[in-house]
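>>> Sequence plus predicted model, see below.
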Amino acid sequence: MENDFLEGKTQSSWNRRQFLKLGIAGLGITGAGIAYQTLKPQKSLPVRIPTVDSIEPTDGNISPMTILRDFDYGTVKSEKGRTIREFRVVASNSTIKLNSAVDFNTWNFNNRVPGPTLRATQGDRIRVVFLNQGGHSHSMHFHGVHPAEVDGVRPIRHGNAAIYEFDAEPFGVHLYHCHTEPITRHIGKGLYGMLIVDPPKPRPPADEMVLVMAGYDTNDDNKNEFYAFNGQPDYYRNHPIPIYQNQLVRLYVLNMIEFDVAATFHLHANFFQVYRTGRTLVPSEDSDVITMGTTERHILEFAYKYPGKYMFHPHQDAIAQSGCMGIFNVIAT
């Protein structure tokens, strides 16, 4: 089992404490050998992103490894001297495998859960052309600042389309989701995604990634039986995320878990700098764990001083053990 952990193979039976014990034994780390990881990245180093083999799932959906670093900047147009970013989003249905025995019928945007990570710069004009092919009434509600007529609370019937157009403001990490009743069911089925509005002056270069935490209620009892980062339970546990040693990593983290009041995000053997809601250019605090309610989101920045494999997960064991578990594989430079 120790070698299984080091090779990133699936284990049929485990808990977080056993997993941690195996990880420590496999890496040869003792209490005396665990050193405090630096919060300050090596700014002199250029940004390097490891080559990642996109491991596509057998059900045809986009893999979480692709979703991780996939940003949709839209089709860029210029109208009256202004930058327009036009996005095409389609609501549809598709089945994903939560594990080898359980399939789940999702309602989704662009045939993926979470939906595409839309990205613009503050001051751009965002235009989302939305087509509903999902079989039920759906809509797109965006967090941020926009006029009432594009707030996305009006249901769009199957086969119909709508255009949501608004200024990209303010800069920060936002989100979108279906706002058709019952909202919890529509979100729980997969109708959500992230919207990033970059500040006018870009943040420092970094290896940027998106992590969206979510749950799956598979038996309609208003409780989640599975949890996941970027759509697939245990994906990043089985397929660790490669990052480089001393490389600044910028995580855009969003909690979309329904039915649970809050969830935490914990990073092993390191601390991260917190930019709450992505609305600041100066971190508010340093921590190794942060608590988020549903739809709460933050930017977390860190760099690993030592190579090796390090876990990340919510610190609620029940959530972590039910699929919300991942590993960073820090590659020596």
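Sure, I can see it.

>>> Can you tell me how far the residue of the chain positioned farthest from its centre is from I163?
Relative to the mean C-alpha coordinate of the chain, counting by C-alpha atoms, centre = their mean, the farthest residue is K80 (34.9 Å). Distance, K80 to I163, by C-beta to C-beta, to the nearest Å: 18 Å. Any C-beta I mention is one placed from the backbone N, CA and C, and that applies to glycine too.

>>> now do R157
Counting by C-beta to C-beta, the separation of R157 from I163 is 15 Å.

>>> S287: neighbouring residues, count only.
Burial measure for S287: 16 neighbouring residues, criterion other C-beta atoms under 10 Å.

>>> Hmm, it is touching V274, no?
Yes - S287 lies in contact with V274 (C-beta atoms under 8 Å); the separation is 6.1 Å.

>>> where do the helices sit along the chain?
2-7, 16-27, 64-68, 183-188, 235-238, 317-321 (DSSP state H).

>>> averaging pLDDT over each of those, which comes out lowest?
Here those differ in mean pLDDT, and the lowest is helix 2-7 at a mean of 37.

>>> What sits closest to A320 if chain neighbours are left out?
Once flanking residues are discounted, A320 sits nearest to H313: 4.1 Å by C-beta to C-beta, 6 or more residues apart in numbering.

>>> Quick check: the nearest residue to P205 once chain neighbours are set aside vs I243, distance?
Nearest non-adjacent residue to P205, counting by C-beta to C-beta, 6+ apart: V47, 4.3 Å away. Distance of V47 to I243, computed by C-beta to C-beta: 11 Å.

>>> Any chance you could spot the residue sitting in the middle of this protein?
L211 (2.1 Å).

>>> any idea how far it is from N329?
Counting by C-beta to C-beta, the gap from L211 to N329 is 15 Å.

>>> Ok, A303 next?
Distance from A303 to N329, by C-beta to C-beta: 15 Å.

>>> Could you do V253 as well?
Counting by C-beta to C-beta, the gap from V253 to N329 is 19 Å.

>>> Neighbour count: the two, which is higher?
V253 (24 against 16).

>>> need the contact list for that one.
Contacts for V253 (C-beta atoms under 8 Å, 6 or more residues apart in numbering) come out as L211, V212, M213, F265, M292, R297, H298, I299, L300.

>>> That one - nearest residue in space that isn't next to it in sequence?
L211 (5.0 Å).

>>> For this protein, which helix or strand comes out least confident on mean pLDDT?
Lowest by mean pLDDT, DSSP states H and E among the helices and strands of the chain is helix 2-7, with a mean of 37.

>>> in the biggest strand by length in the chain, what's buried?
Counting by DSSP state E, the longest strand found in the chain is strand 82-97. Neighbour-count burial for strand 82-97 flags T83, I84, R85, F87, V89, V90, A91, S92, S94, I96 (criterion: 16 or more other C-beta atoms under 10 Å).

>>> and it, what other elements does it pack with?
When contacts are defined as 3 or more C-beta pairs under 8 Å, 6 or more residues apart in numbering; DSSP states H and E, strand 82-97 packs onto strand 75-79, strand 103-109, strand 118-121, strand 125-132.

>>> Buried deepest among the ones you listed, which one?
With neighbours taken as mean count of other C-beta atoms under 10 Å, those reach their highest mean count in strand 118-121, at a mean of 22.

>>> avg pLDDT for it?
In the prediction, strand 118-121 has an average pLDDT of 98.

>>> Isn't L68 up against N230?
Yes - between L68 and N230 there is a contact under C-beta under 8 Å: 6.4 Å.

>>> out of the two, which sits in the busier spot?
N230 (25 against 21).

>>> Spatially nearest residue to that one (excluding sequence neighbours)?
Using C-beta to C-beta, 6+ apart, the closest residue to N230 is P64 (3.9 Å).

>>> dump the residue contacts of that neighbour.
Neighbouring residues of P64 by C-beta under 8 Å, 6+ apart: A228, F229, N230, G231, Q232, Y235, Y236, H239.

>>> any idea how far L68 is from the last one?
Here H239 is placed at a distance of 10 Å from L68 (C-beta to C-beta).

>>> ditto for L254
Distance from L254 to L68, by C-beta to C-beta: 13 Å.

>>> what sits in contact with each of these two?
By C-beta under 8 Å, 6+ apart, the residues touching both L254 and L68 are V210, L211.

>>> F226 reaches A320, doesn't it?
No - the pair F226 / A320 is not scored as a contact, 11.9 Å apart, by C-beta under 8 Å.

>>> quick one, which of those two is more surrounded?
A direct count of neighbours by other C-beta under 10 Å for F226 and A320 places A320 higher, at 24 against 20.
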